[in-house]
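Engineer: kindly return the folded structure for what I paste below:
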Amino acid sequence: MSVLKFIFILSSILWLNFGITQTDKTTADIENYILINKRDSALLLIKVTPSDDSYFSLLKRLAEQNENSYADLSFFIQRINSRPNINYERLNRFIKTNVPLPLSKEKINLDFVQIKWYQITNLRNETFLDEANSIHAELEKYIAQFNPSNKEVIKAQVLADSHRAVLAVIQKDLEGGLKICKQLESNSRLLKDTSLIILSLYHKSDFLMEEGKLKEYIAVSEESLKLEYNRKQKSDYFIGTIVHLIDAYVYQGSNSDRVNELLDFLYNNEKTKAQSYSLYAKYLGGIDLESVTAQVIFDKFKVKNLVEFCDTTYSMAQADKINSIELYQITRENSEALEAHQFYKEALYYKDVTTQLSQSIYSSELSQTLANYKSNEIVSKKDAEILHEKETSKLLAIIIGLVGGGLLIVFFMFLQKRKQSNELSLRNEKIKAQNEALERKEAEKALLLKEVHHRVKNNFQIITSLLDIQARKSEDEQSKERALEGKNRIKSMALIHQALYQNEELEINIESYIKTLIQEISNSYSEKSPPEISIHTDEMTLDIDTAIPVGLILNELVSNAFKYGFDPKNKQLNISMKKTNQSGVFQLSVSDNGKGLPADFSFEKANSLGLKLVKRLSKQLHGSVEYSNENGFTCTVIFKDSEMRSRID
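Structural biologist: Reported below is the predicted structural model:
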């Protein structure tokens, strides 16, 4: 079996888990929001989607960032893995961020091991072997803490060792791989764990194929499939085993009824339909195209001949946006089927496409990764030999020391050096532990700060809701207006804290903030014909001490425009924020196309609470306010950021 074919089969094993129903679009959207850390959006979608499903309760716990159990996280990740077109990079990042190493050393956590097994499998299937090997080494270190005779520890070790079996296949290390598989099967049958038995049989079949033992290969695969049929929830290897059997029967040229049965199963399932295309092509390459079997396949795909079949399945695969490895398999099998039936021109075309895909998939990085892994194994064996030699030398030194008193000095020097080395190792371990503790504290502080912003935002939302209720119940228009103004001011600050909670850098992207604030104000005034709004900003971010007063100023000026400042026939509002030539100094400008302020208006003597607030906040920012009445009202605020203000103070 080629490396490409092996990885193609592996890429299919996590596609389908028949014990889990297909998630609908809403559930998938919630899952995606949780994966990219947009938990507020996930909670909002959960809130507006009535459901008694227990999985919705789990998603709610994840979105609320409660102290999630490893069991919840494992089930969530298993659900994600059951979806087609998984974003493995996003899932890997989620696991790194949300699945810490269990602290308990009394009992192994199998849910944690299962999660790490999924992570290693996904990384390996996506050809990130270096990272997969690194995580596998960490998992082995975790498992090694526990009693190796414990049943749960044995199960964890079987999962971990399956990675070594896969690498042995890729490296064509038959002797080492068979030894691993024998141990996997022995432990799985000892535990009487059906899912692990299926896992061990799957990996065993790979080596049987490499050895050319086709009958044993088929027998092992059929045994595995029989075990699958007796399970309510199919294993992650169910589809891979079906692919194994189709390959074997087609190669053997026998049992066509069984081949058709298995192919139909793959074709009739949406999650594996595209996967069946290459297998149909392989089957057609070995049979008479005028046969009833071939015509049935052509009718299924609504084509007249093999050339049309290849073109149709290739187009369907591209439309389904399947990954490069699976597309490679389709073009490869199309080429071989066309060549087998002497369609040489068409076969050459697909051969060229296959070559291009192969080059894009397997760069020198994969070869280097495999070489690194092999080198590490060799180095480990050599280190063990060196350690053995050192122990032998030590024993000889003791014996010689007893016999020859003259060598006692050398012996004591050796002991002193060893003591110094141990002390240095202890100091290094202590420094490492201190650094890890500092990193944990920094991470906890960052998380705590984000949680503070989240709670402040929630408190602000409660206040805005109370003001909104007050405005609705008030019969006095002036009271309604004041409540609405207060609500908008609070909302401008709440949006700041919401942005900080969602941003890893704890800074405000000003363009995004302005757009959100304008939308909130527009919703508050319920304009029947909303104004034409133009926003121009430089690429910039502001810290919280600057963003809150700027947000309040912007709220007052925009609210004033909505209340008084538009030409009824052509409402226009222009907002700009840009950096000035002076570092740390910014210019905010808001203009409308209304009648403007009265000719005798004085900003200094204005009685409006909003305008007084603009003036006071501008001073707080060590800035100034200017206004003009040309073609409407324009207010310009020049202000300084926190760093510039701290220098002045």
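Engineer: distance of Asn632 relative to Gly565?
Structural biologist: Careful, residue 632 is Gly and not Asn. For Gly632, the distance to Gly565 equals 7 Å [C-beta to C-beta, to the nearest Å]. (C-beta placed from N, C-alpha, C; glycine too.)
Engineer: more neighbours: these two, which one.
Structural biologist: Set Gly632 next to Gly565 and count neighbours by other C-beta atoms under 10 Å: Gly565 wins out with 24 against 20.
Engineer: you'd agree that one is up against Cys635?
Structural biologist: No: between Gly565 and Cys635 there is no contact under C-beta atoms under 8 Å: 10.1 Å.
Engineer: helix, strand or coil for the residue lying closest to Tyr564 once chain neighbours are set aside?
Structural biologist: Sequence neighbours aside, Gly594 is the residue nearest to Tyr564 in space, at 6.3 Å (criterion: C-beta to C-beta, 6 or more residues apart in numbering). With DSSP: H, G, I helix; E, B strand; the rest coil as the basis, Gly594 sits in coil.
Engineer: contact partners for Gly594?
Structural biologist: By C-beta atoms under 8 Å, 6 or more residues apart in numbering, the residues touching Gly594 are 561, 564-567, 632-633.
Engineer: then Leu588 would be within a strand, right?
Structural biologist: Yes: the assignment for Leu588 by three-state DSSP puts it in a strand.
Engineer: isn't it up against Phe639?
Structural biologist: Yes: contact criterion C-beta under 8 Å: Leu588 and Phe639 qualify, at 7.0 Å.
Engineer: need the residues touching each of those two.
Structural biologist: In contact with both Leu588 and Phe639: Val550, using C-beta under 8 Å, 6+ apart.
Engineer: the two: who's more crowded?
Structural biologist: With neighbours defined as other C-beta under 10 Å, Leu588 and Phe639 compare such that Phe639 has more, 27 against 24.
Engineer: measure the more buried one to His203 for me?
Structural biologist: Distance from Phe639 to His203, by C-beta to C-beta: 65 Å.
Engineer: okay, now the unreliable bits of the stretch 401-550 of the chain?
Structural biologist: Residue ranges of the stretch 401-550 of the chain with pLDDT under 70: 401-414, 437, 441-462, 464-468, 470-473, 475, 500-506, 526-528.
Engineer: need the helices for it, in chain order.
Structural biologist: Here the stretch 401-550 of the chain has its helices, by DSSP state H, counting those that start in this stretch, at 408-473, 477-502, 510-525, 544-564.
Engineer: still on that earlier bit, which of the contacts of Gly594 has the weakest pLDDT?
Structural biologist: On pLDDT alone, Gly565 ranks lowest of those, at 73.
Engineer: any idea how far the helix or strand harbouring Leu139 is from the chain center?
Structural biologist: Element membership for Leu139 (DSSP states H and E) is helix 129-143. Distance, stretch centre to chain centre, for helix 129-143: 18 Å (C-alpha atoms, centre = their mean, to the nearest Å).
Engineer: middle-most residue in this structure, spatially?
Structural biologist: Relative to the mean C-alpha position of the chain, the nearest C-alpha, by C-alpha atoms, centre = their mean, is the one of Arg90, at 1.6 Å.
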